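Visitor: Sequence first, predicted coordinates after that:
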Number of protein chains: 2
Amino acid sequence: MSPLPAAEHRVAVDVVTIALDETGSGAGSPVFLTLRRPRDPFAGDWALPGTLVRPDESLESAVLRILGDGPGLPRPRHLEQLATFGGPRRDPRGRVFSVSYLALAPRPAEVRRTARWWPVEAPPPLAFDHAAIVDAALRRLRGKLSYSNVAYGLLPDTFTLSELQAVYEAVLGHPLDKRNFRKKVLALGVVTEAAGQRRGPHRPAQLYRFRDTELVVLDDVIPV
Amino acid sequence: MSPLPAAEHRVAVDVVTIALDETGSGAGSPVFLTLRRPRDPFAGDWALPGTLVRPDESLESAVLRILGDGPGLPRPRHLEQLATFGGPRRDPRGRVFSVSYLALAPRPAEVRRTARWWPVEAPPPLAFDHAAIVDAALRRLRGKLSYSNVAYGLLPDTFTLSELQAVYEAVLGHPLDKRNFRKKVLALGVVTEAAGQRRGPHRPAQLYRFRDTELVVLDDVIPV
DNA sequence: GCAAAAGTGTTATATCTACACCCATGC
DNA sequence: GCATGGGTGTAGATATAACACTTTTGC
């Protein structure tokens, strides 16, 4: 068995973590997580959390390590690979391949000082080609909302149908018809009734949960 | 600007090239291209065409190089990245990341001796994790047929609607209704009439061409 | 004239879209 | 009792799915 040529590349993972901003009532607006770069290149700019992949570590382990390490995020509820960015000049220090991931997670109350959440529709200037990676993440998420149960990644275990609808509206950026939305998610069996109600200064709302807590691709589509 | 840590990884591209077998009449059955491995590991087995990425080369250039180099394929009509496979043990010689691509191309009359086309539904045992990569390619292609014009990658510049339908049927593995299929692709404007007819021992058929020769995601769906 | 594929419309069914009011609660 | 969000049904329009025969050519 002939040996392999010498290793020539660095491989990193970069993660777009999307969560919902809890300010205000209902499901908030979608935000994504960045870290401030302490050093050149792009010192002071914001960048996606990322790390070089260690020799014996899988890509997913590297993602979970960086999310655990740094900003104090819980394990993401959903994680999927997006794409690999490999232009020879994407890092001015030398060639680094970036395998990018989309993570969906509940938003923790606090992140450490060097981390910050940004609204997806108003991102800051980002280091490297990270703006393109965030774009890819949003396109993926928006697409998958209609034909999968991927929204489970953004919601707690139980939630009301209005909260679910608010997630769709926040991510897609436009309103949906309440009756049609409810009819469809119930008919598709994406969610099932859970015990209990959400109470507030108004009529209590029935709680639901996702039937599956991993990605399920639907046969039919939720009209968006 | 602090230097990067030493390079620790090898990065390869592996390509699933899908074409249509021309034996018989109409559009043939989908086949994919493999090369026979001359050396261990997996000596004598079939593997996807692939190559290590060179230091100054983009991922796509590496793909085009390996397709040009080897089996005498024309430039693919469609090329898209699939996913990156990075398990630490996927190559017994040492760690190699594989960035996989889906290529669609017309099938050349001849490929060199060490290359071979296989029907997608009856692949041989494949080296490494290449069976999983072929799976991903097929799932991607099947999905995209219904909501994009990706079939342009499998067809010549002009073709009849029956040939287009045969491509769909061959890739999806089930028959479609002729009248409904024609109505839909014409209504969506995916194809437009071209000059000329295809003649044979029967009534001549109008030729069509794709309106766009790059990937277009459709608003509506071709029912499949 | 016969075999082979091209081409073409309609109807019943299902789905989608748009839309407005009453209900249950907290205060 | 009032403000707030929760919850529900229908009708018209649109899209889908199923279906068979005539046309044009080569031989």
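Guide: Thanks, I have the structure now. Model, not experiment: these values are computed from the prediction.

Visitor: what are the ranges of the helices in chain A?
Guide: With helices called from DSSP state H, chain A shows them at A:59-69, A:130-147, A:161-172, A:178-187.

Visitor: Among these, which comes closest to B:Tyr168?
Guide: B:Tyr168 lies closest, by CB to CB, to one member of these: helix A:130-147, at 19.4 Å. (C-beta placed from N, C-alpha, C; glycine too.)

Visitor: Can I get the closest one as PDB, trimmed to CA atoms?
Guide: Backbone C-alpha positions of helix A:130-147 (Å, rounded to 0.1, in the frame of the first residue of the first chain) are rendered in PDB as follows:
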ATOM      1  CA  HIS A 130     -18.100  34.500   6.000                       C
ATOM      2  CA  ALA A 131     -20.800  36.700   4.500                       C
ATOM      3  CA  ALA A 132     -21.200  34.100   1.700                       C
ATOM      4  CA  ILE A 133     -21.400  31.300   4.300                       C
ATOM      5  CA  VAL A 134     -24.200  33.100   6.200                       C
ATOM      6  CA  ASP A 135     -26.000  33.600   2.900                       C
ATOM      7  CA  ALA A 136     -25.800  29.900   2.200                       C
ATOM      8  CA  ALA A 137     -27.100  29.100   5.700                       C
ATOM      9  CA  LEU A 138     -30.100  31.400   5.300                       C
ATOM     10  CA  ARG A 139     -31.000  30.000   1.900                       C
ATOM     11  CA  ARG A 140     -30.800  26.500   3.200                       C
ATOM     12  CA  LEU A 141     -32.900  27.200   6.200                       C
ATOM     13  CA  ARG A 142     -35.600  29.100   4.300                       C
ATOM     14  CA  GLY A 143     -35.800  26.400   1.700                       C
ATOM     15  CA  LYS A 144     -36.000  23.600   4.300                       C
ATOM     16  CA  LEU A 145     -38.800  25.200   6.300                       C
ATOM     17  CA  SER A 146     -41.300  24.400   3.600                       C
ATOM     18  CA  TYR A 147     -40.500  20.800   3.000                       C
END
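
Visitor: For it, list every residue counted as buried.
Guide: A:130, A:133-134, A:136-138, A:140-141, A:144-145, A:147 (16 or more other CB atoms under 10 Å in any protein chain shown).

Visitor: again, but for stretch A:47-64
Guide: Quick answer for stretch A:47-64 (16+ other CB under 10 Å): A:47-53, A:57-60, A:62-64.

Visitor: Then stretch A:89-97?
Guide: Using 16+ other CB under 10 Å as the test for burial, stretch A:89-97 gives A:91, A:95-97.

Visitor: Was I right to think A:Val217 contacts A:Ser148?
Guide: Yes - contact criterion CB atoms under 8 Å: A:Val217 and A:Ser148 qualify, at 5.2 Å.

Visitor: Which one's more surrounded, the two?
Guide: Neighbour count, other CB atoms under 10 Å in any protein chain shown: between A:Val217 and A:Ser148, A:Ser148 has more, with 18 against 11.

Visitor: so how far is A:Val224 from that one?
Guide: 12 Å (CB to CB, to the nearest Å).

Visitor: Strands along chain A, start to end?
Guide: A:10-20, A:30-36, A:46-47, A:50-52, A:78-85, A:96-104, A:115-119, A:159-160, A:191-200, A:202-210 (DSSP state E).

Visitor: could those strands go into JSON lines alongside distance to B:Pro123 and mean pLDDT?
Guide: Formatted as JSON lines, the strands of chain A follow (distance: least, CB to CB, whole Å; pLDDT from 0 to 100):
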{"stretch": "strand A:10-20", "distance to B:Pro123": "28", "mean pLDDT": "96"}
{"stretch": "strand A:30-36", "distance to B:Pro123": "39", "mean pLDDT": "94"}
{"stretch": "strand A:46-47", "distance to B:Pro123": "41", "mean pLDDT": "98"}
{"stretch": "strand A:50-52", "distance to B:Pro123": "35", "mean pLDDT": "96"}
{"stretch": "strand A:78-85", "distance to B:Pro123": "23", "mean pLDDT": "98"}
{"stretch": "strand A:96-104", "distance to B:Pro123": "26", "mean pLDDT": "98"}
{"stretch": "strand A:115-119", "distance to B:Pro123": "45", "mean pLDDT": "92"}
{"stretch": "strand A:159-160", "distance to B:Pro123": "43", "mean pLDDT": "96"}
{"stretch": "strand A:191-200", "distance to B:Pro123": "38", "mean pLDDT": "95"}
{"stretch": "strand A:202-210", "distance to B:Pro123": "35", "mean pLDDT": "97"}
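
Visitor: Columns distance to DNA strand C on top of those, output as TSV?
Guide: Shown next, in TSV, are these (distance: least, CB to the nearest atom of the strand, whole Å):
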stretch	distance to DNA strand C
strand A:10-20	24
strand A:30-36	23
strand A:46-47	38
strand A:50-52	39
strand A:78-85	25
strand A:96-104	25
strand A:115-119	27
strand A:159-160	14
strand A:191-200	5
strand A:202-210	3
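
Visitor: how long is stretch A:97-113 end to end?
Guide: 28 Å (CA to CA, to the nearest Å).

Visitor: Flag every buried residue along that stretch.
Guide: Neighbour-count burial for stretch A:97-113 [16+ other CB under 10 Å]: A:97-107, A:111.

Visitor: Are it and chain B in contact anywhere?
Guide: Yes - with CB under 8 Å from any CB of the partner chain as the criterion, chain B is reached by stretch A:97-113 at A:97, A:99.

Visitor: quick one: buried residues of stretch A:144-160?
Guide: Buried residues in stretch A:144-160, counted by 16+ other CB under 10 Å: A:144-145, A:147-155, A:158-160.

Visitor: Figure out which of the strands of chain A is closest to B:Ala195.
Guide: strand A:78-85 (39.3 Å).

Visitor: which residues touch the closest one?
Guide: A:16, A:59-60, A:63-64, A:97-105, A:129, A:132-133, A:136-137, A:140, A:150, A:152-153, A:215, B:59, B:81, B:83-84, B:99 (CB atoms under 8 Å, 6 or more residues apart in numbering or on different chains).

Visitor: again, 6 Å this time
Guide: A:98-104, A:129, A:136-137, A:153, B:81, B:83-84, B:99 (CB atoms under 6 Å, 6 or more residues apart in numbering or on different chains).

Visitor: and of the residues you listed, the nearest to DNA strand D?
Guide: DNA strand D has its nearest neighbour among the contacts of strand A:78-85 in A:Gly153, at 20.9 Å by CB to the nearest atom of the strand.

Visitor: pretty sure the closest one contacts A:Pro106?
Guide: No - when contacts are counted by CB atoms under 6 Å, A:Gly153 is not listed as touching A:Pro106 (8.9 Å).
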